[in-house]
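Visitor: 3D, please:
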Amino acid sequence: MLLLEIEQEEDGRWIAEIRDLPGVLAYGVTRSEAVIKAEVLALRVLADRLDHGEPVPDLEGLFAA
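Guide: Numbering: from 1, shown residues only. Have a look, this model is predicted:
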């Protein structure tokens with residue numbers, strides 16, 4: 001599972017970050033927008049790492065069926 005950290009900046013923007021995936025950081029006008037952007041970016045980073053045979057964090061619980 002990847003932990004998504006969210007906080008509001010002094011200027012009112014929201015920032016969402018996944019520290020286990022360096023570079024996955026996104027701003028949004030709303031909290032929801034920041035979360036969605038960070039999740040999309042995280043999936044892109046994970047896909048890129050898998051495509052290149054690079055290690056990925058434990059993904060257990062990321063998807064459920």
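Visitor: by contact count, what packs against the helix or strand containing Val35?
Guide: Per DSSP states H and E, Val35 falls inside helix 31-51. Packing partners of helix 31-51 (3 or more CB pairs under 8 Å, 6 or more residues apart in numbering; DSSP states H and E): strand 5-8, strand 14-17, strand 25-28. Heads up, the C-betas are built off the backbone N, CA and C, glycines and all.
Visitor: and these as a markdown table, adding distance to Gly53 and mean pLDDT?
Guide: Converted to a markdown table, the helices and strands packed on helix 31-51 look like this (distance: least, CB to CB, whole Å; pLDDT from 0 to 100):
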| stretch | distance to Gly53 | mean pLDDT |
| --- | --- | --- |
| strand 5-8 | 28 | 97 |
| strand 14-17 | 25 | 97 |
| strand 25-28 | 24 | 98 |
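Visitor: adding mean neighbour count and distance to Ala42, write those strands out as JSON lines.
Guide: Below are the helices and strands packed on helix 31-51 laid out as JSON lines (neighbours: other CB atoms under 10 Å; distance: least, CB to CB, whole Å):
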{"stretch": "strand 5-8", "mean neighbour count": "12", "distance to Ala42": "12"}
{"stretch": "strand 14-17", "mean neighbour count": "20", "distance to Ala42": "10"}
{"stretch": "strand 25-28", "mean neighbour count": "17", "distance to Ala42": "9"}
